[in-house]
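structure of the sequence below:
(chains A and B)
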Amino acid sequence: MTELTTAPKLTAKDFASDQEVRWCPGCGDYAILKAVQKTLADVEAKPENTVFVSGIGCASRFPYYMETYGFHSIHGRAPAIATGMKLANPNLDVWIISGDGDALSIGGNHFVHLVRRNVDVQFLLFNNEIYGLTKGQFSPTSRAGTRSPSSPLGCIENPISAAQLALGSGGHFIARAVDTAQKELTATLKRAHGFKGTSFVEIFQNCVVYNDGAFAGFTAKDKAADMQIHVEHGKPLLFGKDLNKGLRIKPGALALEVVTIGENGVSEADILVHNESDKMLACLLADMNEPEFPVAMGVLYCKPGHIFEVEIRKMVERETSHATCNLNDVLRQGHTWTVGDDD
Amino acid sequence: MTRSAQTTPPHSASRQTLESAVVRFSGDSGDGMQITGGQFTLATAVAQNNLSTFPDYPAEIRAPTGTTFGVSAFQINFGSRVIKTAGDEFDVLVAMNPAALKVELSGLKVGGILIVDNGSFQERNLHRAGYAEDPLKDDSLKAYRVIEMDISSLTQDAVRDCGLSKKEALRCKNFWTLGYVYWMFDRDRQATIDWLKTKFASRSDIADANVAALNAGHALAETMETADGLQSYTVPHAPNIDPGLYRTVTGAEAMAWGLAVGAKLAALRLVFCSYPITPASPVLHTLSKMVEHDIVTFQAEDEIAAVCAAIGASTAGGVGVTSSSGPGISLKAEAIGLAVSAERPLVIINTQRAGPSTGLPTKTEQSDLLQALYGRNGECPVVVIAARSPADCFDMAIEACHIATKYQTPVMVLSDGYVSNASEPWLIPDVDVMEPFPTDLHQEGPCFDPSIRDAVTLARPWAIPGTPCLEHRIGGLEKSFETGNISYDPANHQKMTDVRAAKVGGVVRDIPDQRVGAGKDSGPLVVVGWGSTFGPISRAVSNLLDEGLAVTHVHVRHLWPLPANLGDLLSGFDRILVPEMNSGQFIKLLRDQYLFDAKGLNKVTGQPFKIRELEDAIRTHLEAVQ
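Model (predicted):
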């Protein structure tokens, strides 16, 4: 007991490995790395119990920089690797680090099923709306019209909405943050870590080389206040420099609209109050895009449900505690016959 | 039928003694032929005959009634001598409808017994089977001893008092037929009656009806025997069987149980990750019923997720196993490479089927050997072993768990549709006396040194998440031999490539020397086989040895690395014949490794080799060298 209480508390630095970080200077990944390391220190995570699993892409180098267990796997498959780890040892604290191509294109199937099963992991999607490591091709979150080496005339595909996909897959925890908004990002990561089940966090991450400024429309200093809304459970959905703008249900439609308090007879009482466990509201919030709407940040949805590996463990423990036979017995079940020495 | 020396003349009161017989049950896929065959197998095992079975069913779950592509068959070869295959030609063919007759008749021996349900030979069924004329009414069956009965109506009569609908009553006709065949071969009905009562515990009317049908078929056979001289047979106990407790086992069951026992001997949790695919799924089904033995099964969203979850499980300290058939193994290739690079244990079961692509899902082939050996990007060696029979799957699965954990490497176990579905009697082993191989998990700090390798096995230490002070990172990028960190150094890549190859090559230390299966250690001709061709090759070779021909059988279970003495052993023969159910894959390996001018015998029909095909080929090659 004494030992436990006197053990020095780990700092963010203690979670940094001795490996030189090799992202491009100015990459949003640096900010996320810092926030994750701080989060682990703040929640007093045990390095030996923590595992970072990634696929392929710029973001997927992340585990090398963490002084924890790590697995840099293959493209898109981190959710499957992580699921296997939790099946073997449900007590591990597993973080999946993925990018928009890794999670939503080549690994889209695994993403859907991880979320559906509600495996207890933190899933951080570094969404930069571009393929960085392969030098700048459009990604499944790139906006229509994106010009890239593989779409020189402009991308004609529509982007996928990660948060909506996660909700549609039966996700139980859906959050969003911006890479450089350290305070809010860390707070969101702590919520994600505390949640039991798949906690999905989409982080808008700026790629300085291939897609610089992709999110400037809502992250630039002069735009952030008016183009982001920071949702908080139980609080009215207000935003804007003067917190005088808000969201309400559009009269006569199942849709949101932006209103200004004091204009057209709108008062604060008309503004929707955020309810984390309201899936319909979460869907509407996730669907808001600039410039018509502010982009929703924070915990959009949080509603605990059955956890995959916990349910499996429960089933195994129930069955093993009632075990009626050993493996030798299994081999002898059904019809058997004896051949005697005299036969 | 193989008659023994003491054949007794047929008369109503006595049975003719047979050394062995081949019976094939065939009918529509809804006729319950697999259950019928399974029950006949059980009764035959209880009668202490040696046996081998071959379920041959269509890929369609319920193909349109009466069609030739919907025919489902179950073949059993049984006898008092050693039985090694399901048999070539049938002595008895049961055809429940015209389509079954159309598809199966060519396999019936001239003079063989044909049992047909003429109640199903109406014009519509004849037309669907492609018969212009009713074959029961012309001379086309005169080469056979035909027993035609209206089984459909006889069954309905037999179950009339059981209160079933007409449809339910007709479903009993397979048990009526089974009762008939039971009488022919003097099989005891009790095990089947017990099985029916357990199976239909909640529908005693159905259980009673099937028992009534079984008994009625049996009784009619007994009566008919006196009427028209139908022969009846007895197949005595097989002599020289090792004493002990026996059961029948399919390859899929043996594989599943071997994995469970392998993990237990390694003192680790089995995490079995699979995606449903024919014909590999029965392994998943068998293990899914074993939750009480702390076995976790995971039905993944796809093949890639299945192998990746198995790798994750191994990384976290379990025995990660994935199982599939050829198309699924193709999808897993990249992840198998990851396990090679990350140097973590992984067992991959490949129940091969006919390809390419979707191929023939329910038909057998051994055409994934080259994929197993080489089907990955980069220099990517894995251990490859192959089961030779249903029961052998048990031993191979245990061996795979042992090698994978000891050497921290992927091991692929090759089975195939034939081995997996077929069954044979099995002397049940005692798990409690098996030698455990507990895994040496790395526990020592103060920090992880990935350059430590076992001096003998070259395996890296297995430090699993959850162990304090040993935090480290693994992955698919090339790593420094010294530090385990990412390295792009050219010389290091060469060194790591060599070490990975040497590690897998070193598994040869745990592989027994290759022995001769039958015949002399040198001579004019050796027949080299692997996998499920074991049965037909060993029967063909032993038949020819009995004739005094100079031929040797060598069966290889360890395909990579190969047994250390294989090259020396084979060099003692003038000619090497390699029969394979592919276009020549193992032969490429033998030529490559030893520069032997081996000869192939190749077949890709989706069907196992017939003993006669092999005998003919062996004779031809013997003539060529002598």
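
quick one: neighbours of residue 129, just the number.
Went with chain A since none was named. 23 (other CB atoms under 10 Å in any protein chain shown). In this view, the C-beta of every residue, glycine as well, is placed from N, C-alpha and C.

the chain in question should be chain B.
21.

does it touch B:A95 like I think?
No: the criterion here is CB atoms under 8 Å, and B:A129 misses it with B:A95 at 10.0 Å.

what's the overlap in contacts for the two?
Shared contacts of B:A129 and B:A95 (CB atoms under 8 Å, 6 or more residues apart in numbering or on different chains): B:L101.

so which helix or strand takes in the residue of chain B found nearest chain A?
Proximity of chain B to chain A (CB to the nearest CB) peaks at B:G312, 2.7 Å away. Using DSSP states H and E, B:G312 sits within helix B:303-315.

who does that helix touch, helix- and strand-wise?
Here helix B:303-315 touches helix A:78-88, helix A:108-117, strand B:270-274, strand B:296-299, strand B:319-324, helix B:326-342, strand B:346-352, going by 3 or more CB pairs under 8 Å, 6 or more residues apart in numbering or on different chains; DSSP states H and E.

so what are the sheet partners of the last one and their directions?
So the one you mean is strand B:346-352. Partners of strand B:346-352 in the sheet, by DSSP bridges, are strand B:319-324 (parallel), strand B:410-416 (parallel).

next one: the shortest one
Paired neighbours of strand B:296-299 in the sheet (DSSP bridges): strand B:270-274 (parallel).

how distant is the strand it pairs with from the center of its chain?
20 Å (CA atoms, centre = their mean, to the nearest Å).

how far off helix B:326-342 does that strand point, in degrees?
130 degrees (axes from the mean of the first three to the mean of the last three CA atoms, to 10 degrees).

got the angle between strand B:270-274 and helix B:303-315?
170 degrees.

CA atoms of strand B:270-274 as PDB?
Taking Å, rounded to 0.1, in the frame of the first residue of the first chain, the C-alpha atoms of strand B:270-274 are listed here in PDB:
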ATOM      1  CA  LEU B 270      -7.300 -20.500 -27.200                       C
ATOM      2  CA  VAL B 271      -8.700 -17.600 -29.200                       C
ATOM      3  CA  PHE B 272     -10.100 -19.000 -32.400                       C
ATOM      4  CA  CYS B 273     -11.000 -16.400 -35.000                       C
ATOM      5  CA  SER B 274     -12.800 -17.400 -38.200                       C
END
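
so what touches that strand?
A:84, A:87-88, B:259-260, B:262-263, B:280-281, B:283-284, B:287, B:294-300, B:305-307, B:309-310, B:313-314, B:318-324.

just the buried ones from the residues you listed?
Neighbour counting with 16 or more other CB atoms under 10 Å in any protein chain shown marks A:84, A:87-88, B:259-260, B:262-263, B:280-281, B:283-284, B:287, B:294-298, B:300, B:305-307, B:309-310, B:313-314, B:318-324 as buried within the contacts of strand B:270-274.

quick check: the residue of chain B closest to chain A vs B:E334, distance?
Shown here: B:G312 relative to B:E334, a distance of 15 Å by CB to CB, to the nearest Å.

these two: who's more crowded?
B:G312 (34 against 17).

was I right to think the more buried one contacts A:T83?
Yes: B:G312 is within contact range of A:T83, at 6.5 Å (criterion: CB under 8 Å).

I figured B:G484 hits B:S451, correct?
Yes: using CB under 8 Å, B:G484 is in contact with B:S451, at 6.9 Å.

of those two, who's got more company?
B:G484 (17 against 13).

for the more buried one, give me the pLDDT.
In this model, B:G484 is scored at 89, pLDDT.

swap in B:V82?
pLDDT at B:V82 comes out at 87.

okay, it and B:P239: tell me how far apart.
From B:V82 to B:P239 the distance is 10 Å (CB to CB).

same question, B:A132
Distance from B:A132 to B:P239, by CB to CB: 50 Å.

and these two? which has more neighbours close in?
Neighbours were counted for B:A132 and for B:P239 using other CB under 10 Å; B:P239 has more, 11 against 7.

ok, now how distant is that one from B:E444?
Taking CB to CB, one finds B:P239 at 57 Å from B:E444.

what's the neighbour count on B:S571?
Count around B:S571 with other CB under 10 Å applied: 12.

and it, what does it touch?
B:594, B:596.

check it and give its pLDDT.
Taking B:S571 on its own, its pLDDT is 98.

any weak-confidence spans in the chain?
No chain specified, so I'll use chain A. Along chain A, segments meeting pLDDT under 70 span A:1-6, A:341-343.

look at chain B instead
Judged by pLDDT under 70, the stretches of chain B that qualify are B:1-14, B:225-230.

skipping its backbone neighbours, what lies nearest whichever residue of the stretch 151-300 of chain A sits closest to chain B in space?
Closest residue of the stretch 151-300 of chain A to chain B, CB to the nearest CB: A:S169 (11.1 Å). Leaving aside its chain neighbours, A:S169 sits nearest to A:V115 (4.2 Å; criterion: CB to CB, 6 or more residues apart in numbering or on different chains).
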